[in-house]
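> Task: produce atomic coordinates for the following.
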Amino acid sequence: MEFQLHPASPRGEVRRFALGTRRETAVTVAAGLAALLAVSLWVTVPALVSRTLRVRAETRVDSELAIARRERRDLVSRATNVRDRALAAGDRISRIAFLYGVPTARWPRSLNPETGVLAAADPARVVEGSDRYLTALERGRALLDAAEAADPDLAARTPSRLPLQSDLVEPSAFFGPRVSPWTGAEEFFSGIDLAAPAGSEVIAPAAGSVAFVGHAKATAVSRLSRLGNLVVLQHGSAGVTLYGHLARVDVRRGEHVSRGQRLGTVGATGWAVSPGLHYEYWRESGGKLAPTDPEFAILDRPVRRDVSLEKMRATSAPGSVEPPPTR
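Residues are numbered from 1 along each chain as shown. Take a look at the predicted model:
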């Protein structure tokens, strides 16, 4: 095989290159490889470009999905927070309605936990139920405002706070039927026991007058004689509260007390085995006093929540429970 290189000028000499058999083979192979490389690049480069674009697109989609998931979690968290705050408000004003004696027939049913208006945590369900629930909250608040307008002293004399000035408080016995730890017999426990450090201040949960101070008369069936040093407050139409196991009593019979005033200190008098306060709340029911769960009247530290007005009004002890002395 011979190659000729012709100069641009007619006077120039034509150059000739002759290749031997081996060189011809090398050139042929090189030319073939070059052709294959060109074909390969023509096929693979677009594929590589396409793959790169696809990876970038997938990365972008994954990033957008991660952002969407994070925003979804944030939305669920905010919706849950709104729901919990609304339910807490509904629980609080339902308790106040119970304490004020608002009839159940007038109370917005949407505030009853049984209706499940805000039971779901899904944001769409929260949005769907929030308007209905907030409207019910406004109606309930209007009823409470009306009750206070009709009786300006109602809020002041209604028990509404924990009767202890201590952060170290733990309920140790709850309102309701139980087996007596003393006699082993079935009984109805008409209050709550609050374990607290000895010497902690016992305070009035509302304004009232001191109806009884001292020890209840011991009889064969008396439960009040087990309570040691005892104080009883009358709160007018808002009911009667009772405080037992006191170490010290700082009020006198007939004295008027205001909310937050010191009544005495936590002790272990009577049948108590450790320092604590026995607390009862009695309200008028059917023309006479009946004990109800004192937790309904602890608005600053609710232990249990989500109790409808109907259930609170239906919660009382049987008539055989010995009432607190009021003179």
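
> Grab the most central residue of this protein for me.
The geometric centre of the chain, computed from its C-alpha atoms, lies nearest to residue 84 (Cα atoms, centre = their mean), at 5.6 Å.

> Okay, it and residue 95: tell me how far apart.
Relative to residue 95, residue 84 is positioned 17 Å away (Cβ to Cβ, to the nearest Å). In short, each C-beta sits where N, CA and C put it, glycine included.

> and what of residue 265?
Taken as Cβ to Cβ, the span from residue 265 to residue 95 is 28 Å.

> what's the answer for residue 237, then?
17 Å.

> Please identify which of the two sits among more neighbours.
Set residue 237 next to residue 95 and count neighbours by other Cβ atoms under 10 Å: residue 95 wins out with 21 against 13.

> which residues touch the more buried one?
Counting by Cβ atoms under 8 Å, 6 or more residues apart in numbering, residue 95 touches 296, 297, 299, 302, 307, 312.

> Now it: which helix or strand?
According to DSSP states H and E, residue 95 maps onto helix 21-100.

> Report the buried residues of the helix or strand following that helix.
The helix or strand immediately downstream of helix 21-100 is helix 123-150, counting by DSSP H and E. By 16 or more other Cβ atoms under 10 Å, the buried positions in helix 123-150 come out as 123, 125-126, 129-130, 133-134, 136-137, 140, 143-144, 147-148.

> Show me what residue 242 bridges to in the sheet.
residue 232, residue 280 (DSSP bridges).

> distance of residue 66 from residue 206?
Residue 66 is 54 Å from residue 206, by Cβ to Cβ.

> Please apply the same query to residue 257.
9 Å.

> which sections of this structure are below the confidence cut-off?
Low-confidence segments of the chain (pLDDT under 70): 1-51, 53, 57-58, 75, 220, 302-306.

> all strands for the stretch 151-300 of the chain, in order.
With DSSP state E, counting those that start in this stretch, the ranges of strands along the stretch 151-300 of the chain come out as 164-165, 170-173, 176-179, 186-189, 192-195, 201-203, 208-214, 229-234, 240-249, 256-257, 262-266, 276-285, 288-292.

> Looking at these, which is nearest to residue 56?
Among these, strand 170-173 comes nearest to residue 56, with 59.8 Å by Cβ to Cβ.

> for the closest one, packing partners?
When contacts are defined as 3 or more Cβ pairs under 8 Å, 6 or more residues apart in numbering; DSSP states H and E, strand 170-173 sits against strand 192-195.

> What pairs with the strand it packs on, parallel or antiparallel?
By DSSP bridges, strand 192-195 pairs with strand 170-173 (antiparallel), strand 276-285 (antiparallel).

> For residue 299, list the residues it contacts.
92, 95, 96, 160, 161.

> how far away is it from residue 96?
7 Å.

> what is in contact with those two at once?
Overlap of the contact sets of residue 299 and residue 96 (by Cβ under 8 Å, 6+ apart) consists of residue 160.

> wouldn't residue 172 be in contact with residue 195 here?
Yes. Shown here, residue 172 and residue 195 form a contact pair, counting by Cβ atoms under 8 Å, at 4.5 Å.
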